[in-house]
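Chemist: only the shape, not the letters, is given here:
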DNA sequence: GCCGGAAAAATGGTATACCAAAGTCGGGTT
DNA sequence: AACCCGACTTTGGTATACCATTTTTCCGGC
């Protein structure tokens, strides 16, 4: 049911297979979900997605599993999955977990001050600044999410980073909910400076206040 | 290459399919790994496992993905996975994360005091007591791990519970490393009592000291 | 005997086709 | 209008085949 109706044995990727199809599919679907192209609650049907993306069911299955793990898709036994509908409670839970983990990661980052990690932080920070200056909300959100991922990575704790990956999808969705990009940027920059200067106390404190700010922004937006 | 050499079209599950095969396979492999039946570093080959467990490659793949997510298997691009070899650093990282999350879960559990959650805690606690009294180390470890999972669930935070599931495999492995079951049981019991009585402060404090104890036990064991 | 590289085997990734069980949905009945 | 039942849909599973890459084996040169 792919696009071929005449090609005999089918000649696929003639070149390098750097990234597995499943990863590519996951990336596409993830982007569509966090960008709102796929409405919360809408169906995610394996066969349909296979046809849409021109791959077989196998990689689609794998991709959907990943999305479930990231909390972006909700499976129901023997039926189609749906795009997750986030509730206020989900946000509260995410905030609670972030409040426990981010100060930890940030403190360790300020202790380590790993050059490569700092560089990565600077890169996403710069992208975020440029994007928010030219009013590109999507790019700014993406960069802000990148910054958060760079942050958990900078803590040097692989496990913490793994959990960060688990939270990544939710974070990107959350970032998509409020649009005070300038405020977010300012706080990220302050956070970066505290880390760069090795001020562990200030870094942890800023991480906590950053969390309060985003929570306040959300409440403001929802009345 | 399965086990059939004569069975014509193959007759599968004739009965209820309550649990997906992939989940069953994952459960089997997980148990084998944490119980040490599969040596750290040993190969996990899809085709071989398919044949061994009498299922096709698909559910085996899914199961292996789960194990990777739980940190019990390590994938290498385009080749077989291996059973994870845990290092001291892995333990330190796990401890760091647990130190951030468990006091949180335990404090919330003491606030909520949900009857069903308390019941579940009591159940695993009782199983742990009985197992350690009769010297059944494997059962005691299993019960101790169950207790920990019940603990994260008792916090009422779904996301926290999800992360708990992610750490579950590592936790079970870690529990398998030290054998002072009686000490672990005593601390779990104290923790339970603090939660049941709603003493949030004591609960959080006990969670932290429990962590210190298990870390000390490990150092003792490794000189 | 040892080393390095070519050939062979192993292995994951993907595609197709089918089947059975469970869930969904719509229409008819009361 | 609520309910029940049957047809359709969809997932989960199995079997088979093929390719590309990696791993292993083995053989000849040094």
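Modeler: Perfect, I can see it now. Note that the structure is predicted; figures quoted are calculated from it, not measured.
Chemist: give me the number of residues near residue A:30?
Modeler: Neighbours of residue A:30 under the rule other C-beta atoms under 10 Å in any protein chain shown: 21. Backbone N, C-alpha and C define where each C-beta goes, glycine included.
Chemist: where do the helices sit along chain A?
Modeler: Applying DSSP state H to chain A gives helices spanning A:21-34, A:46-53, A:57-70, A:88-112, A:115-133, A:137-154, A:158-175, A:181-196, A:200-222.
Chemist: can you pull the buried residues of stretch A:153-161?
Modeler: By 16 or more other C-beta atoms under 10 Å in any protein chain shown, the buried positions in stretch A:153-161 come out as A:153, A:154, A:155, A:156, A:157, A:159, A:160, A:161.
Chemist: how about stretch A:55-64?
Modeler: Buried, per 16+ other C-beta under 10 Å, within stretch A:55-64: A:55, A:58, A:59, A:60, A:61, A:62, A:63, A:64.
Chemist: isn't the fourth one up against residue A:23?
Modeler: Okay, so that is residue A:60. No. Contact criterion C-beta atoms under 8 Å: residue A:60 and residue A:23 do not qualify, at 11.9 Å.
Chemist: quick revisit: which one of the helices of chain A lies nearest to residue B:182?
Modeler: helix A:158-175 (28.6 Å; C-beta to C-beta).
Chemist: residue contacts, residue A:214?
Modeler: A:95, A:174, A:178, A:184 (C-beta atoms under 8 Å, 6 or more residues apart in numbering or on different chains).
Chemist: relative to residue A:112, which of these is nearest.
Modeler: residue A:184 (24.0 Å).
Chemist: tally of neighbours for that closest one?
Modeler: Using other C-beta under 10 Å, residue A:184 is surrounded by 23 other residues.
Chemist: for chain A, what lies in contact range of chain B?
Modeler: Within chain A, the positions near chain B by C-beta under 8 Å from any C-beta of the partner chain are A:58, A:61-62, A:65, A:69, A:71, A:90, A:93-94, A:96-97, A:100-101, A:104, A:157-160, A:162-163, A:166, A:170.
Chemist: what about 7 Å?
Modeler: A:65, A:69, A:93-94, A:96-97, A:100-101, A:104, A:157-160, A:163, A:166 (C-beta under 7 Å from any C-beta of the partner chain).
Chemist: show the buried residues in the residues you listed.
Modeler: Buried by 16+ other C-beta under 10 Å: A:65, A:69, A:93-94, A:96-97, A:100-101, A:104, A:157, A:159-160, A:163, A:166, out of those.
Chemist: mind checking pLDDT for residue A:178?
Modeler: Listed pLDDT for residue A:178 reads 72.
Chemist: so which one among the contacts of residue A:214 has the lowest pLDDT?
Modeler: Of all these, residue A:178 carries the smallest pLDDT score, 72.
Chemist: picking that back up, please identify which pair of the residues of chain A next to chain B lies farthest apart.
Modeler: Taking C-beta to C-beta as the measure, the residues of chain A next to chain B have their most distant pair in A:65 and A:104, spaced 28.4 Å apart.
Chemist: would you quantify the distance from the residue nearest to residue A:69 when sequence neighbours are not counted to residue A:104?
Modeler: In space, and not counting its chain neighbours, residue A:69 is closest to residue B:69: 6.0 Å by C-beta to C-beta, 6 or more residues apart in numbering or on different chains. Applying C-beta to C-beta, to the nearest Å, the value for residue B:69 to residue A:104 is 21 Å.
Chemist: quick one, grab the pLDDT at residue A:16.
Modeler: In this model, residue A:16 is scored at 44, pLDDT.
Chemist: skip the chain neighbours and tell me the closest residue to residue A:47.
Modeler: Closest residue to residue A:47 apart from its sequence neighbours, by C-beta to C-beta, 6+ apart: residue A:57 at 6.5 Å.
Chemist: okay, that neighbour: pLDDT?
Modeler: So residue A:57 comes in at 95 (pLDDT).
Chemist: one more: residue A:65?
Modeler: 94.
Chemist: distance of the nearest residue to it once chain neighbours are set aside from DNA strand C?
Modeler: With sequence-adjacent residues excluded and distances taken as C-beta to C-beta, 6+ apart, residue A:65 is closest to residue B:65, at 6.3 Å. Distance, residue B:65 to DNA strand C, by C-beta to the nearest atom of the strand, to the nearest Å: 9 Å.
Chemist: count of residues packed around residue A:138?
Modeler: Counted with other C-beta under 10 Å, residue A:138 comes out at 12.
Chemist: quick one: residue A:58 and residue A:65, what's the gap?
Modeler: Residue A:58 is 11 Å from residue A:65, by C-beta to C-beta.
Chemist: which residues does residue A:43 bridge with?
Modeler: Per DSSP bridges, the residues bridged to residue A:43 are residue A:82.
Chemist: right, and it touches residue A:80 too?
Modeler: Yes. Residue A:43 is within contact range of residue A:80, at 4.8 Å (criterion: C-beta atoms under 7 Å).
Chemist: could you give the angle of the helix or strand bottoming out on mean pLDDT in chain A to helix A:137-154?
Modeler: The helix or strand of chain A with the poorest confidence is helix A:200-222; it has a mean of 87 (mean pLDDT, DSSP states H and E). Relative orientation of helix A:200-222 versus helix A:137-154 (axes from the mean of the first three to the mean of the last three C-alpha atoms, to 10 degrees): 150 degrees.
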